[in-house]
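Novice: coordinates only, sequence not included:
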Ligand SMILES: [Zn+2]
């Protein structure tokens, strides 16, 4: 599985025992006590990153989950303007989060997004769904695409990898 986010480890002299991880600027930032050994660091970082990943994992795991989600977002965010035909996970999206074939309304979502929070996946889905009725990135396009709940936060999350399809 491809790693979603880079990990940055910061040794802090102020810390004595606790390890803390959070997502900052598209990276997982882990703060550990300065005195930890390399082996302790590896173990502690591995554990906390896994915990963070589990907490942030998207709840859509199959193609039919994605399709169902797309139908729901079309209704709740896009006033049912999008054409929802086929939505599926793909593993060959080199550098892109999603893509849409406008003529057939086929949407493909990079399986790297299986490990992101739901609001990030939703933002990418709404982006591609919007393309089924507005092909380019015009002002009108963004008016619709940015209706996604937490749109700005999702963009921040994906910023380091920002090549929208
Ligand atoms: Zn686009």
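Specialist: Yep, that arrived. Just so it is clear, the model here is predicted, and its values are computed rather than measured.
Novice: which ones are touching residue 106?
Specialist: 85-86, 100 (C-beta atoms under 8 Å, 6 or more residues apart in numbering). All C-beta spots, glycine's among them, are computed from the backbone N, C-alpha and C.
Novice: and what of residue 129?
Specialist: By C-beta under 8 Å, 6+ apart, the contact list for residue 129 reads 70, 73-74, 78, 82, 84, 100, 107.
Novice: and with 6 Å instead?
Specialist: In this structure, residue 129 makes contact with 74, 78, 82, judged by C-beta atoms under 6 Å, 6 or more residues apart in numbering.
Novice: hmm, which of those residues are the buried ones?
Specialist: Burial by neighbour count, judged by 16 or more other C-beta atoms under 10 Å, picks out 74, 78, 82 from those.
Novice: Looking at these, which is nearest residue 157?
Specialist: residue 78 (20.9 Å; C-beta to C-beta).
Novice: Any figure for the gap between the closest one and residue 103?
Specialist: According to C-beta to C-beta, to the nearest Å, residue 78 stands 19 Å off from residue 103.
Novice: Local confidence estimate at the most far-flung residue of the chain relative to its centre?
Specialist: Centroid-distance maximum for the chain: residue 35 at 33.8 Å, with C-alpha atoms, centre = their mean. On the pLDDT scale, residue 35 is placed at 91.
Novice: any idea of the mean pLDDT for stretch 92-109?
Specialist: Average pLDDT, stretch 92-109: 86.
Novice: Can you give me the buried ones in that stretch?
Specialist: Neighbour counts over stretch 92-109 (16+ other C-beta under 10 Å) mark 93, 96-100, 105-109 as buried.
Novice: do stretch 7-16 as well
Specialist: 9, 15.
Novice: Residue 30: neighbouring residues, count only.
Specialist: Counted with other C-beta atoms under 10 Å, residues neighbouring residue 30 total 21.
Novice: okay but it is in contact with residue 21, surely?
Specialist: Yes: applying C-beta atoms under 6 Å as the test, residue 30 and residue 21 come out as touching, 4.6 Å apart.
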